[in-house]
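J.: coordinates for the following, if possible.
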Amino acid sequence: MSTHRVAVAQARETRTRPKAGDHRAPAPAPFPTESHDTHARSAAARGRDMTVDRPARPSEGQACHEGGLTRHDSRTRPLGERHPAAAAVPELPGTTPAAFTRVNAAAAARLGVRPDTYSGLLGMAPDQLANDRYRTPASTNVRLWELMTLQAPWQEVVLHMARESTLGALGVWDHLITQAPTPLEGLRDAGRYLATAADAGTEALHIEVTEQRVTLSHVNAADLTDDVAAAIRAYSLALLRKRLSEGSRRTIVPTRVTLATRAPHDHRTLTQLYGTNAIDFASPVNSITFKAADLLTPQHHAPGLSAILRRHAEQTLSQAICLRDWLDLFRSRLRAALDTELPTLRSMSRHMGLSARTLQRRLDEHGTTWSDELQDVRREQALRLLASTDMTLETIARRAGYADAGGLRRAAQRWTGQPVSTLRGSTATTLGAADALPHGS
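T.: Prediction:
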C-alpha cells in the first residue's frame, strides 16, 4: 500500500447497485484473525463538522492489462492538499521494509515454495532480513509473490499472507493504526507513513469520508502479473480490515468490498477474510467501505502514544538502508564490517567473494572508489553514534576508525560545521548534514 497521499474526500453516499453479470461472493464464514475481547462501545460522533477534500475521480485507479501485466494509472492520486508535514516523510521508492519481506518469506514457506528459488535475491541474506534498518528491493518482494502465485491460487496466497501478518509483524505501521485515538486517525497516520510497511513509490492509500461511510482505496502503480496484482489487492484490503478489528478489539465488518480483478472460482477464502459476501469483482477500483461510526468510535490507546509512534516512524525512515543494486549490497556489508573492525580492501574483497582487483573494478563501474566508500561509511557511523547514543567520544572514535577523540572532533567539525557538543542527541540534524556532504568528504 506510489506517493503516499491520503485524501479525506467527500463521496457519494448512495451505493452502486451491481450490474448484470457482476459476481458476488457467497455468505461469509467467521473472520480468521486472532481473537480479542469483545466489549460494548458507545455510538461514535457523526463527524458533521469534518473538513473534507475533493475526492479522486471514479475513473482513476482503473487497471490496464497489457501483455499479461497489470498496470495502474500512476495519476490515481487524491486531488486535495497534502498534509502540511507530509512532504517531510521519506518515501524510499523501489524498496520495502525488511519486516514485510519476512512476512512474504514466511508465507512462501507455508505454501511450500523452495527457499533456494529466492534465497539468492538481493535483501534475502539472513543478516539483512533480520535487521529492520534494511529495506529490500521491491523487485525481490514481487518475485516472492510470483513464486507464491505459481504455487497456489492467488486467493490462497492472500489467506497465508494474512495469517503471517500478525499484529506487530509490520512494525511501527501496525501500531500507528491500533494505538491511535480512533481507527480513522490511525488510518490517516498509516497512509502518511505508508513507506514503513510498503513501497511508497508504487502504492497509495486513499481515504474518503462521508457522514455515513468511510471508503479506503488501495492503488498500486507497479507492473505485475494478473495473479500477483489480484493477490496484492485483496491482501492489502484484508490487512486493513484485520488491523482495524485488532485496534478496536472487536470484529469490524465492511459494508462493501470492490476488487479490480476477475472473480475466482472459489470465493470462500475472501468472504472469510472480509467477513462479508458483499464483494464486487471486476471493479474499476480496489476499495473497502465501513460504517463511519465504526471508525470514529474511540479505541483503547495511551494518550500521547500516537505522537511517539509518528516520531519513531520518521526516524525509522530517515535511518533506513536501502538495497537496490550491487553497490547497495556492498555498502550494507561495509557497514556491518565496521561494527566489528576497521575493514580493509582485502577483508572486504573476501566478504564479497571477489578479488581485491575485481572489487576495485566493480566500484569504478559504479562511479566510486574504495577510499571514498570507506570514508563515507566511517562518517555515517560516527555521526549516527554521536546523535543516537551516549557512548564516549573515545569509544565512538574507535568504532569509526579514528585514532583518538581529537581526530573525531576535527572530522565532525569539518563535516557539519558544528562542534561535537551540539551533535549529541540531534539525529535529524547530523544525518541531514552528512547527506549534504560531497561523496568521499
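J.: now the helices for the stretch 51-200 of the chain?
T.: Remark: helices assigned in the stretch 51-200 of the chain by DSSP state H, counting those that start in this stretch are 98-110, 126-129, 138-151, 154-164, 172-178, 183-192.
J.: switch those over to CSV; also include mean neighbour count.
T.: Every C-beta, even on glycine, is put in place using the N, C-alpha and C of the backbone. Formatted as CSV, these follow (neighbours: other C-beta atoms under 10 Å):
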stretch, mean neighbour count
helix 98-110, 22
helix 126-129, 14
helix 138-151, 20
helix 154-164, 23
helix 172-178, 26
helix 183-192, 24
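J.: how about these, which one is nearest Thr202?
T.: helix 138-151 (6.8 Å; C-beta to C-beta).
J.: tally of neighbours for the residue nearest to Ala88 when sequence neighbours are not counted?
T.: Leaving out its chain neighbours, the residue that sits closest to Ala88 by C-beta to C-beta, 6 or more residues apart in numbering is Glu314, at 7.4 Å. Other residues lying near Glu314 total 20 when counted by other C-beta atoms under 10 Å.
J.: for Glu314, grab phi and psi.
T.: Torsion angles at Glu314 (phi, psi; degrees, to the nearest 10) stand at phi -60, psi -40.
J.: also Thr215?
T.: phi -110, psi 130.
J.: tell me, how many residues neighbour it?
T.: Other residues close to Thr215 by other C-beta under 10 Å number 22.
J.: could you tell me the per-residue confidence at it?
T.: What the model reports as pLDDT for Thr215 is 98.
J.: what of the one 4 residues further on?
T.: The predicted local confidence for Val219 comes out at a pLDDT of 92.
J.: oh, and call the first residue 457 from now on, that's how I've got it
T.: From this message on, residue numbering opens at 457, which makes the last subject Val675.
J.: isn't it up against Ala654?
T.: No - in this structure Val675 lies outside contact range of Ala654 using C-beta atoms under 8 Å: 11.4 Å.
J.: how close does the closest residue to Leu779 other than its chain neighbours get to Val598?
T.: Once flanking residues are discounted, Leu779 sits nearest to Gly579: 4.8 Å by C-beta to C-beta, 6+ apart. Using C-beta to C-beta, to the nearest Å, Gly579 is found at 12 Å from Val598.
J.: one more: Asp820?
T.: Counting by C-beta to C-beta, the gap from Asp820 to Val598 is 30 Å.
J.: longest helix of this structure?
T.: helix 682-704 (DSSP state H).
J.: report the angle between that helix and helix 639-648.
T.: Calculated by axes from the mean of the first three to the mean of the last three C-alpha atoms, to 10 degrees, helix 682-704 forms an angle of 140 degrees with helix 639-648.
J.: counting by contacts, list what the helix or strand where Asp832 lies packs against.
T.: Element membership for Asp832 (DSSP states H and E) is helix 826-844. Counting contacts by 3 or more C-beta pairs under 8 Å, 6 or more residues apart in numbering; DSSP states H and E, helix 826-844 packs against helix 782-794, helix 812-821, helix 849-855, helix 861-872, helix 883-892.
J.: and that helix, what's its mean pLDDT?
T.: 90.
J.: go on, stretch 755-775?
T.: 95.
J.: any weak-confidence spans in the stretch 607-756 of the chain?
T.: Low-confidence segments of the stretch 607-756 of the chain, defined by pLDDT under 70, are absent.
J.: Leu729: which of the helices of the stretch 507-656 of the chain is closest?
T.: Leu729 lies closest to helix 610-620 among the helices of the stretch 507-656 of the chain, at 5.9 Å (C-beta to C-beta).
J.: just checking, what packs against that closest one?
T.: helix 554-566, helix 594-607, helix 682-704, helix 724-730.
J.: how about a cut-off of 6 Å?
T.: Judged by 3 or more C-beta pairs under 6 Å, 6 or more residues apart in numbering; DSSP states H and E, the packing partners of helix 610-620 are helix 554-566, helix 682-704, helix 724-730.
J.: okay if I get these as TSV plus distance to Arg813?
T.: Output for the helices and strands packed on helix 610-620, formatted as TSV (distance: least, C-beta to C-beta, whole Å):
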stretch	distance to Arg813
helix 554-566	32
helix 682-704	41
helix 724-730	54
